Structure formats: C-alpha cells, structure tokens
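Visitor: everything below, folded, please.
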Amino acid sequence: MPSSEIKILAIESSCDETSAAVAVDGKVLNNIIATQSVHENYGGVVPELASRAHQQNIVPVVDEALKNAAISKDDLSAIAFTRGPGLMGALLVGTSFAKSMALALDIPLIEVNHMQAHILAHFIDDPKPSFPFLCLTVSGGHTQIVLIKDYLEMEVIGETQDDAVGEAFDKTAKMLGLGYPGGPLVDKLAHEGDALRFKFPETEMQGLNYSFSGIKTAVLYFLRDQLKQNESFIKDNVNDICASVQYTLVRMLLQKLRKAARQHHISEIAIAGGVSANSGLRNTLNEMAKKEGWNVYIPSFEYCTDNAGMIAMAAHFKYVQDEFVGQEVSALPRMKF
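Guide: Sure, this is the predicted structure:
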C-alpha cells in the first residue's frame, strides 16, 4: 500500500466493551469487540470489573485488529481513542494504551468524543445522510437530539434533563426480574405484547428536552400496586407490560424528534447509540418517516452499540483537519459534547 494512505488504529473502552478497529482512508476495515459477560451476575456494569477486563482484553483485541487488516503497527498514521464520556477506570485503560503506543511509534494521537462518534458511525456504510441532518442519539447514558451541519460541526438542541432512555429500559427490566442487559429483553418480550394494554405517563419538558425519571417511578408504583392484588401479576402480564412501557418511551422520543425536524425544516433523520437497535424504535421511526417525508438512516447493528469502528470513522475526519492532541491528554468521564 502507498504510504500516502491514512491508516488509523482506533480504541474504544468507555464502558464494558473493549474494541479496536483499523480504518484506511476513511474505510473501516474491521471492528473487533470483546464483550464482558462478568457484569451479568450483578445486573449492571461494575466499573472496577470493567477496568480489569479492559486490561486483559486490550492487547489481544488490538493485535487481532492489526492482523485482520494485514497492517503492521509501523505502517500506522495515527492512534485514536475514546477520551470520554464514560467510566473513568475504563477510559483510563484505552487512553493510556493509545498514548503509549502513539509515543512509541512517534505518530499523532487523536481524541474522540464517544457521543460524536456514534453519530459519525453513519458514514461507515452507505447510505449516508446529507448535511444538515438531525440525529437522535440514544443509549444507557445519553439521550440527545443533535443538529449536524458538517462532520465535526454539531450542536445539541435537545437532551434529557435526568435519566437516559436506556436507563429507563434497563430499570424496567430489573423491576420485572428480566436480567441484564435489560433493554434487548424488554424489546424481545414487547413483540408478543399489547402496547396499549397499560397506560404510563409521558413527561412533557420545555423545548426539545426530555425527562425519563418519571416513567421509572410510575412503573415502580404500578407494579407495587398490582402485585398487592395479584402476586403473579408480572409473570402473567410481562409481555404487555414490556410492550406498554416500550410504546410510551418510543412515543416520547419521537414526538420531540418530529418537533425538532419541523422547527429546523430538516428531512434527513438519523438515530444512533445502543437503543437505536430497539426494533420498536426503528419500526415506529420508519412509520413516522413515511408520514413526514423523511429519509431515515440507521447504522448496522454492530455500529449501534459501543465499538471502535465509529471511533476510527470520527478519527479520520479529525486527521484530515489536523486535529491532534499531545501526551498531556487525560480521560474525561464527563466530556462535554
């Protein structure tokens, strides 16, 4: 390969997935992910265990990414890493590894914002959105509506004021005794349920902002009251409960997205983040798109959850703009958008 090619190794370690990817001239060649199963025993991610697992996984994951792409570390143009937001201990592993490798190879270092990378995952495969577009970014830690004017020019125009929508899915699953991760389990059971069987309140916030703490409390009290009357209420009605909660959460998400699209006169609409894998959200979004005349963009499943492919994509655009950082850089668990 000619040396003029931009070859980037990207590392993602913000939560409970250790991932590495190689991109050449903006084309993501692979996306190696080591998922941590240890957290299933605790019903959620345990930060200290996540950090340890990252330390165990990062060398083999990076090694596999380079071998799979048939690229030597000496051929790399830059090293990219997730600086934040995320869990401090988890971020430190990826940050330290990336800094050390860039220093040893004497090549540039690129920091990437995890949430911006979720949005730029739309440029990995076709079809790609046209600027300007709106992206509903939904995960266990974030819920945002973002206006994207260019690859590196983004503005958050609406976001949750308390809990993320993914948190609401996971807490509902926990209350129902479904295990972890809860979101996909709620989605699966919702397929068999009646979404209109139980009604839950929709919190209305000012502007384009969200609030999901209210529905968590509403589900908690609803289950408490029903279980007093019937001890097997959850077992007998779990599909309908999941379908009803999912229907409410999706409705809340898309009402504000539609409002944003109309306000900004935008018909290019994307979704990103772990919750964008939810089938209820995808299906309802596609139905709304037909009525509103939108073009909808949803990344393939492997790029919805945390992955280094999206970090590599974001890093490519930063490399082109000469946006590098020095060795003094440190992890930022609460990194601003």
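Visitor: which residue is the nearest non-sequential neighbour of the spatially most central residue of the chain?
Guide: In the chain, the residue lying closest to the centroid (CA atoms, centre = their mean) is residue 273, at 2.6 Å. Spatial nearest neighbour of residue 273, excluding adjacent residues (CB to CB, 6 or more residues apart in numbering): residue 139 at 3.8 Å. Where C-beta positions appear, they are placed from N, C-alpha and C, glycine not excepted.
Visitor: now for that neighbour: which residues touch it?
Guide: Residues in contact with residue 139 (CB atoms under 8 Å, 6 or more residues apart in numbering) are 118, 164, 166, 273-275.
Visitor: go ahead and confirm the residue nearest to the centre of the chain touches residue 118.
Guide: Yes: counting by CB atoms under 8 Å, residue 118 is a contact partner of residue 273 at 5.0 Å.
Visitor: which other helices and strands contact the helix or strand hosting residue 10?
Guide: Per DSSP states H and E, residue 10 falls inside strand 7-12. Helices and strands touching strand 7-12, by 3 or more CB pairs under 8 Å, 6 or more residues apart in numbering; DSSP states H and E, are strand 17-24, helix 47-68, strand 78-84, helix 88-105, helix 308-320.
Visitor: try 6 Å this time
Guide: Counting contacts by 3 or more CB pairs under 6 Å, 6 or more residues apart in numbering; DSSP states H and E, strand 7-12 is packed against strand 17-24, strand 78-84, helix 308-320.
Visitor: what's the closest of these to residue 219?
Guide: For the helices and strands packed on strand 7-12, proximity to residue 219 was assessed by CB to CB; strand 17-24 is nearest, at 27.5 Å.
Visitor: so what touches the closest one?
Guide: 5, 7-12, 28-35, 54, 57-58, 61-62, 65, 69, 71, 306-309, 312, 316 (CB atoms under 6 Å, 6 or more residues apart in numbering).
Visitor: pull out the buried members of the residues you listed.
Guide: Among the contacts of strand 17-24, those classed as buried by neighbour count (16 or more other CB atoms under 10 Å) are 7-12, 28-34, 54, 57-58, 61-62, 65, 69, 71, 306-309, 312, 316.
Visitor: would you reformat the contacts of residue 139 as CSV and include secondary structure?
Guide: What follows is these, written out as CSV (DSSP: H, G, I helix; E, B strand; the rest coil):
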residue, secondary structure
118, helix
164, coil
166, helix
273, coil
274, helix
275, helix
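Visitor: which of those sits closest to residue 82?
Guide: Closest to residue 82 out of the contacts of residue 139 is residue 118 (10.7 Å), distances taken as CB to CB.
Visitor: check that closest one and give its pLDDT.
Guide: At residue 118, the model reports a pLDDT of 96.
Visitor: just residue 45 next, same as before
Guide: 73.
Visitor: which helices and strands does the helix or strand of the chain with the lowest mean pLDDT pack with?
Guide: Ranked by mean pLDDT, DSSP states H and E, the weakest helix or strand in the chain is strand 32-35, scoring a mean of 89. In terms of contacts (3+ CB pairs under 6 Å, 6+ apart), strand 32-35 is packed against strand 17-24, helix 47-68.
Visitor: what's the last one packed up against?
Guide: Applying 3+ CB pairs under 6 Å, 6+ apart, one finds that helix 47-68 makes contact with strand 17-24, strand 32-35, helix 88-105.
Visitor: sorry, back to before: neighbouring strands - and their directions - for the strand holding residue 10?
Guide: strand 17-24 (antiparallel), strand 78-84 (parallel) (DSSP bridges).
Visitor: right, and those strands - which one's nearest residue 204?
Guide: Using CB to CB, those put strand 78-84 closest to residue 204, at 30.7 Å.
Visitor: what angle sits between the closest one and helix 308-320?
Guide: Per axes from the mean of the first three to the mean of the last three CA atoms, to 10 degrees, the angle that strand 78-84 makes with helix 308-320 is 110 degrees.
Visitor: pLDDT weak spots in this protein?
Guide: 1-3, 36-44 (pLDDT under 70).
Visitor: residues contacting stretch 157-167, please?
Guide: Contacts with stretch 157-167, where a contact means CB under 6 Å, 6+ apart, come from 138-145, 147, 183, 208-213, 249, 256, 274-275.
Visitor: give me the PyMOL select line for these, limited to the buried ones.
Guide: Of the contacts of stretch 157-167, the buried ones go into a single PyMOL selection, burial set by 16+ other CB under 10 Å:
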select buried, resi 138+139+140+141+142+143+144+145+147+183+208+209+210+211+212+249+256+274+275
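Visitor: now, the contacts of stretch 157-167 that are in helices?
Guide: 183, 213, 249, 256 (DSSP state H).
Visitor: OK, contacts around the nearest residue to the last one once chain neighbours are set aside?
Guide: Which is residue 256. Spatially, and ignoring its direct neighbours in sequence, residue 256 is nearest to residue 208 (5.2 Å; CB to CB, 6+ apart). Residues near residue 208 by CB under 6 Å, 6+ apart: 145, 157-158, 256, 260.
Visitor: in JSON lines, list those residues along with distance to residue 219.
Guide: Formatted as JSON lines, the contacts of residue 208 follow (distance: CB to CB, whole Å):
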{"residue": "145", "distance to residue 219": "24"}
{"residue": "157", "distance to residue 219": "28"}
{"residue": "158", "distance to residue 219": "23"}
{"residue": "256", "distance to residue 219": "20"}
{"residue": "260", "distance to residue 219": "26"}
